[in-house]
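**Q** Based on what follows, work out the 3D shape:
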Amino acid sequence: MNIQWVKVFFAAFFEVFWVIGLKHADSFLEWSGTAISIYISFYMLIAAGKYLPVGTVYAVFVGLGTTGTVLSEIILFNEPLHATKLVLILILLIGVIGLKLVTKEEVNEEANS
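**A** Numbering: from 1, shown residues only. Prediction:
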């Protein structure tokens, strides 16, 4: 797997934290963690976007972040679990995986470092 896609994955991982933080943070420490998560998330996204197609990178980032956020709300904050939500998340993930699979990557030695 290309290191740039790993950066996209980590950007989406930290997106989940900052999105949850925007809703639930109520102390200085929690807001600090939210700000740090925003920085890491966008730093990784921008870094990957320099070498990968930006449209695909953004779609994968948002799709993974959305999935992670919805699942976190269900698991951590007792958001109601509906079969419809799970089906829609599955459709979203299928679309994200499909975009990733059809995106041609240029061979660039600099991109793998």
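**Q** average pLDDT across stretch 48-67?
**A** Taken as a whole, stretch 48-67 has a mean pLDDT of 92.
**Q** got the contact list for it?
**A** Stretch 48-67 has contacts (CB atoms under 8 Å, 6 or more residues apart in numbering) with 2, 4-5, 7-9, 11-13, 15-16, 19, 45, 89, 92-93, 95-96, 99-100, 103, 105, 108, 110-111. For the C-beta atoms, the positions are set from N, CA and C on the backbone; glycine is no exception.
**Q** out of the residues you listed, which are inside strands?
**A** Residues of the contacts of stretch 48-67 located in strands (DSSP state E): none.
**Q** Name the SS class of Leu81, please.
**A** coil (DSSP: H, G, I helix; E, B strand; the rest coil).
**Q** my guess is it meets Ile74, correct?
**A** Yes - counting by CB atoms under 8 Å, Ile74 is a contact partner of Leu81 at 5.2 Å.
**Q** neighbour-wise, which of those two wins?
**A** When neighbours are counted by other CB atoms under 10 Å, Leu81 and Ile74 differ, and Ile74 comes out ahead with 16 against 12.
**Q** so that one is in which element?
**A** Ile74 belongs to helix 54-77 when assigned by DSSP states H and E.
**Q** For that helix, which residues meet the burial criterion?
**A** In terms of neighbour count (16 or more other CB atoms under 10 Å), helix 54-77 has its buried residues at 56-57, 59-61, 63-71, 73-74.
**Q** for stretch 30-40, same thing?
**A** Neighbour-count burial for stretch 30-40, counted by 16+ other CB under 10 Å, picks out 33-34, 37-38, 40.
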